[in-house]
Each structure stands twice: as C-alpha cells, then as structure tokens.
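K.L.:
for reference, the sequence and a predicted model appear below.
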Amino acid sequence: MGGGGDDPGGGGGDGIRVAVRLRPFLPHEAGTASCVHVNTQGNQISIGRSIAEGTDGEKKTFTFDHALPGNSPQSAVYDACLPQLITACLGGHNATTLAYGQTGAGKTYTILGPGSASA
C-alpha cells in the first residue's frame, strides 16, 4: 500500500491499492448509531461498539491507501482512486477498478454515486 516506487499505479511496487468508502445509512437505518469511524487523515477505518457508545472500549482499526466517509462526493472517490490508473493505462499498462463487498455494502453507490440507490 501507499506510495511511489517504479509501479505505474503508485502502489509501492505491488500494483495494488485499496480504497474504502463507507456507505451512508439507508433511510430505514436513519437514527442508528454507527459503529464505524473514518479517519481520512490517516486513511483508517475503526470498527467497534465503543465508537457508537462514545466510550474507549475495544475497537479494531484498519489502514488503507484511501479511506473515504459516506458523504464523500463522487469526485473525491474519482480523485483518490482513478487518475493514476488512467495514466498507467495510457502508458500501456493494465488497470482495473473493482468494487467488492457483501450485498448492501454500497458497491453500486461507490461506483455510480448517490443517484444509483435504486439500482
């Protein structure tokens, strides 16, 4: 993960970069306390009951190449993930953007944006 090297995708030589975007709550989930916190400065996602309860209890923190909150506009997702891939493609390299996750995790929302909620 993270930066530089000879890799055209900027992934530090392995060619793989991972970005996470938190899906915003669906209408029927409104008012629910979130157990996930996004730290955009450190590109980290923290998961645990302590976040929802506002305590210092047990939580797990994961670091990615990019961590985006659910209210991020599509332009932020694009700017974080795609310019280096496009440059690599134009330079003759292969590149793929992939959304992966369980049903309802927000894959379509992440790729197509807020207008795709019914897709």
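P.N.:
Okay, I see it.
K.L.:
okay, now the unreliable bits of the chain?
P.N.:
In the predicted model, the chain carries pLDDT under 70 at residues 1-14, 50-57, 116-119.
K.L.:
look up phi and psi at the spatially most central residue of it.
P.N.:
For the chain, the residue sitting closest to the mean C-alpha position, by Cα atoms, centre = their mean, is residue 20 at 1.7 Å. Dihedral angles of residue 20 (phi, psi; degrees, to the nearest 10) stand at phi -120, psi 130.
K.L.:
wait, residue 111 sits on residue 99?
P.N.:
Yes. A contact is recorded between residue 111 and residue 99 when judged using Cβ atoms under 8 Å, the distance being 5.1 Å. All C-beta spots, glycine's among them, are computed from the backbone N, C-alpha and C.
K.L.:
show me where the protein has its strands.
P.N.:
Under the criterion DSSP state E, strands of the chain are mapped to 19-21, 36-39, 44-47, 60-63, 66-68.
K.L.:
and the helices in this structure?
P.N.:
Listed in chain order, the helices found in the chain under DSSP state H are 49-53, 74-81, 83-90, 107-112.
K.L.:
please work out which of these is packed deepest.
P.N.:
Stretch with highest mean neighbour count among these: helix 107-112 (a mean of 18; mean count of other Cβ atoms under 10 Å).
K.L.:
now the strands of the chain as a markdown table including distance to residue 84?
P.N.:
Conversion of the strands of the chain to a markdown table gives the following (distance: least, Cβ to Cβ, whole Å):
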| stretch | distance to residue 84 |
| --- | --- |
| strand 19-21 | 12 |
| strand 36-39 | 22 |
| strand 44-47 | 21 |
| strand 60-63 | 19 |
| strand 66-68 | 11 |
